[in-house]
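predicted model follows, preceded by the sequence.
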Amino acid sequence: MAAFVIPNPTPAQWVDGVYNIGMTITINPGTYATGGILCNLNEAAVKASRTPSTMAVYGQSGYIYAYVKGTDNSNGLLKIFVQDGVATDALQELGNGTAIPAGVLADVIHLEGRYKGME
């Protein structure tokens, strides 16, 4: 299974009672599991342990990413979607056991999370 790494969270901000955090992530080589890669945000720099209210995920390589909430900050999932080659077809989730594509490994992936508090 591929590992998820948070190399550099940006300073968090409080805006209207909502805790906002941004970060750039890296996906390590491995295989993809149906449902997504474990997305453990339980990092000292994140300073929040609950599930984020919302999480935006975007990259630059053309892959589409989606965050799936877990029961807390340590067990969300990062899904990866790809076009199967026909422009009119819907995006498809990477298949179970598929090697993480080079485009994902080299991508600059950003997460922007919002939390209702830090607990």
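Happy to help now that I have it. Numbers count the residues shown, from 1 in each chain.

so Leu78 is in which element?
strand 76-82 (DSSP states H and E).

repeat that for Ile25.
strand 18-27.

by how many degrees do that strand and strand 76-82 diverge?
Angle, strand 18-27 to strand 76-82, by axes from the mean of the first three to the mean of the last three C-alpha atoms, to 10 degrees: 60 degrees.

strand 18-27 - which strands sit beside it in the sheet, and in what orientation?
Neighbouring strands of strand 18-27 in its sheet, by DSSP bridges, are strand 4-9 (antiparallel), strand 13-15 (antiparallel), strand 109-115 (antiparallel).

list the contacts for Lys32?
Let me fix one detail, which is that residue 32 is Tyr and not Lys. Ala2, Ile80, Leu94, Gly95, Asn96, Gly97, Thr98, Ala99, Ile100 (C-beta atoms under 8 Å, 6 or more residues apart in numbering). C-betas here are computed from N, CA, C, even on glycine.

point out where this structure drops to low pLDDT.
By pLDDT under 70, the low-scoring segments of the chain are 1-9, 11, 85-88, 117-119.

closest to the centroid, which residue in the protein?
Nearest to the geometric centre of the chain sits Leu78, at 4.4 Å (C-alpha atoms, centre = their mean).

gap between that residue and Pro52?
12 Å (C-beta to C-beta, to the nearest Å).

what sits in contact with each of those two?
Tyr67.

please state the offset of the strand holding Ile25 from the chain centre?
Its chain's C-alpha centre and that of strand 18-27 lie 9 Å apart, by C-alpha atoms, centre = their mean, to the nearest Å.

bridging residues for the closest residue to Thr10 other than its chain neighbours?
Leaving out its chain neighbours, the residue that sits closest to Thr10 by C-beta to C-beta, 6 or more residues apart in numbering is Gly22, at 4.4 Å. Beta-bridge pairing of Gly22 under DSSP bridges involves Glu112.

contacts only, for Gly22.
Pro9, Thr10, His110, Leu111, Glu112, Gly113.

could you measure from the third one over to Asp89?
Just to be clear, that refers to His110. 26 Å.

more neighbours, these two?
Per other C-beta atoms under 10 Å, whichever of His110 and Asp89 has more neighbours is His110, with 16 against 9.
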